[in-house]
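1. sharing a model that was predicted from the sequence below.
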Amino acid sequence: MYLLILKQLLTVPKTIIFYIFQAVADYLYTLVTWLMGAPAGLKLNKQLTEFLGHFFLYHIYLWKSKFSMLEIKFLKFVLFNSQIYE
């Protein structure tokens with residue numbers, strides 16, 4: 001019983017990290033889309049900002065998809081190990 005409680009307490013910070021990561025990735029996505037336009041009235045090179053914006057949005061997308069796959073593997077690992085000790 002104590003091992004199960006200990007395992008649940010150890011997984012709480014890791015799940016919080018997953019939520020914080022999602023929030024940071026969402027914030028970066030909105031920041032890059034804002035910078036692709038005319039931020040604060042600045043007139044930038046439209047083609048360059050669109051190219052770089054799509055480049056970084058694609059990498060944020062890859063980052064989120066790889067991290068979500070890691071999250072699924074982590075949750076499966078925790079569930080499998082918690083069933084062993086019950």
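-> Cool, the structure landed. Numbers count the residues shown, from 1 in each chain.
2. report the buried residues of the longest helix along the chain.
-> Across the chain, the longest stretch assigned as helix under DSSP state H is helix 46-85. The neighbour-count check on helix 46-85 (16 or more other C-beta atoms under 10 Å) flags Thr49, Gly53, Phe56, Ile60, Lys64, Glu71, Val78 as buried. C-betas here are computed from N, CA, C, even on glycine.
3. the first one: what's it in contact with?
-> With contact set as C-beta atoms under 8 Å, 6 or more residues apart in numbering, Thr49 has these partners: Leu35, Met36.
4. how close does it sit to Phe18?
-> As judged by C-beta to C-beta, to the nearest Å, Thr49 and Phe18 stand 31 Å apart.
5. name the helix or strand for Lys43, please.
-> Secondary structure assignment for Lys43, by DSSP states H and E: no helix or strand.
6. where does the chain have low pLDDT?
-> 1-15, 74-86 (pLDDT under 70).
7. ok, back up a step: dump the buried residues of helix 46-85 into a markdown table; add distance to Pro39 as well.
-> Below are those laid out as a markdown table (distance: C-beta to C-beta, whole Å):
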| residue | distance to Pro39 |
| --- | --- |
| Thr49 | 9 |
| Gly53 | 11 |
| Phe56 | 14 |
| Ile60 | 17 |
| Lys64 | 23 |
| Glu71 | 32 |
| Val78 | 42 |
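8. just the residues you listed now: which is nearest Leu28?
-> Ile60 (5.5 Å; C-beta to C-beta).
9. ok, the closest one to Ser68 distance?
-> 12 Å.
10. also Lys43?
-> 37 Å.
11. again, but for Ile17
-> Applying C-beta to C-beta to Ile17 and Ser68 gives a distance of 13 Å.
12. Phe56 now?
-> 19 Å.
13. please consider this matter closed, and thank you.
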